[in-house]
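Enquirer: Model the following, please.
(one chain, ligands or ions: 1)
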Amino acid sequence: MQAGKTFSSSPLILFQDTGVGKSSIVWRFVEDSFDPNINPTIGASFMTKTVQYQNELHKFLIWDTAGQERFRALAPMYYRGSAAAIIVYDITKEETFSTLKNWVKELRQHGPPNIVVAIAGNKCDLIDVREVMERDAKDYADSIHAIFVETSAKNAININELFIEISRRIPSTDANPPSGGKGFKLRRQPSEPKRSCC
Ligand SMILES: Nc1nc2c(ncn2[C@@H]2O[C@H](COP(=O)(O)OP(=O)(O)OP(=O)(O)O)[C@@H](O)[C@H]2O)c(=O)[nH]1
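Expert: Residues are numbered from 1 along each chain as shown. This next block holds a predicted model:
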């Protein structure tokens, strides 16, 4: 770690039904890659990435939970200790937007009181088969004070912006320096994620 930098780390969790693209978002963020034949997650997987802006380093400790119903009961184990949650839906599947609302309710009832919630409408490269309107999702996100962005893990749209915005909203706490991780520059005060999808 470079001298003089402050450091904080935050556990973060991704939820939702199988196939919405949670693992693909994490892979795009951490490795900048996309696998069209990615396997479904079993249980949960864990990855880290450190982002940097000037004298601030923020290490995300990312829990990517399995979306299959048989793993549903494991979710509280991960969200209880999380500083932020990304709830992903697939813009081409209306039902994933409905189940997202159930996750929000559960988080509000049983999650940490100050958890930062972000909603990601993934697969926005598939605009021709869209079922969820961006405006409806944004209005819902605003109503619950959540971050909202449409993403494409496939085309690398709004992935870094999503994590940057989360990083901005998590209160920073000095901690031990990270032991590595891939960094990218954070803008000081990004407003809304810039790139509107598709
Ligand atoms: N077109 C398109 N396909 C995507 C995108 N993100 C993910 N996919 C595809 O959607 C499928 C499911 O992606 P995953 O990342 O495994 O989804 P998941 O939500 O992690 O699924 P579970 O691990 O079962 O919970 C894969 O075939 C991906 O290649 C995207 O942005 N655009």
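Enquirer: Look at C124 and give its secondary structure.
Expert: coil (DSSP: H, G, I helix; E, B strand; the rest coil).
Enquirer: Within its local environment, how many residues does it see?
Expert: Using other C-beta atoms under 10 Å, C124 has 25 neighbouring residues. (Glycine included, C-beta is placed from N, CA and C.)
Enquirer: And Y140, by the same measure?
Expert: 17.
Enquirer: Could I get the contacting residues of it?
Expert: Applying C-beta atoms under 8 Å, 6 or more residues apart in numbering to Y140 gives the contacts 101, 119.
Enquirer: Which SSE is immediately downstream of the helix or strand containing it?
Expert: When elements are defined using DSSP states H and E, Y140 is found to belong to helix 134-143. Downstream of helix 134-143, the next assigned helix or strand under DSSP H and E is strand 147-150.
Enquirer: Parallel or antiparallel, which strands does that following strand pair with?
Expert: Strand 147-150 has the following sheet partners, assigned by DSSP bridges: strand 116-122 (parallel).
Enquirer: what stretches of this protein score poorly on pLDDT?
Expert: 1-5, 53-54, 172-198 (pLDDT under 70).
Enquirer: can you list the residues of this protein near the ligand?
Expert: 18-24, 36, 38, 40-41, 66-68, 122-123, 125-126, 152-154 (C-beta under 6 Å from any ligand atom).
Enquirer: could you check the angle helix 134-143 makes with the helix ranked longest in the chain?
Expert: For the chain, the longest helix by residue count, based on DSSP state H, is helix 94-110. Helix 94-110 and helix 134-143 are oriented at 0 degrees to each other (axes from the mean of the first three to the mean of the last three C-alpha atoms, to 10 degrees).
Enquirer: ok so, going back, of the residues of the chain next to the ligand, buried ones?
Expert: Neighbour counting by 16 or more other C-beta atoms under 10 Å classes 20-24, 41, 66-67, 122-123, 125, 152-154 among the residues of the chain next to the ligand as buried.
Enquirer: Sketch out the helices for this protein, chain order is fine.
Expert: Using DSSP H, helices in the chain cover 22-31, 75-79, 94-110, 134-143, 159-169.
Enquirer: and the spatially most central residue of the chain, what does it touch?
Expert: The centroid of the chain falls nearest to I86 when counting by C-alpha atoms, centre = their mean (3.7 Å). Contact analysis of I86 by C-beta under 8 Å, 6+ apart lists 12-15, 22, 25, 118-120, 162, 166.
Enquirer: where's I62 relative to M47, distance?
Expert: To M47, I62 is 5 Å away according to C-beta to C-beta, to the nearest Å.
Enquirer: More neighbours: the two, which one.
Expert: For I62 versus M47, neighbours defined as other C-beta under 10 Å are more numerous around I62 (25 against 16).
Enquirer: got a list of what the more buried one touches?
Expert: 12-14, 26, 29-30, 46-49.
Enquirer: at 6 Å what do you get?
Expert: Listed by C-beta atoms under 6 Å, 6 or more residues apart in numbering, the contact partners of I62 are 12, 26, 47.
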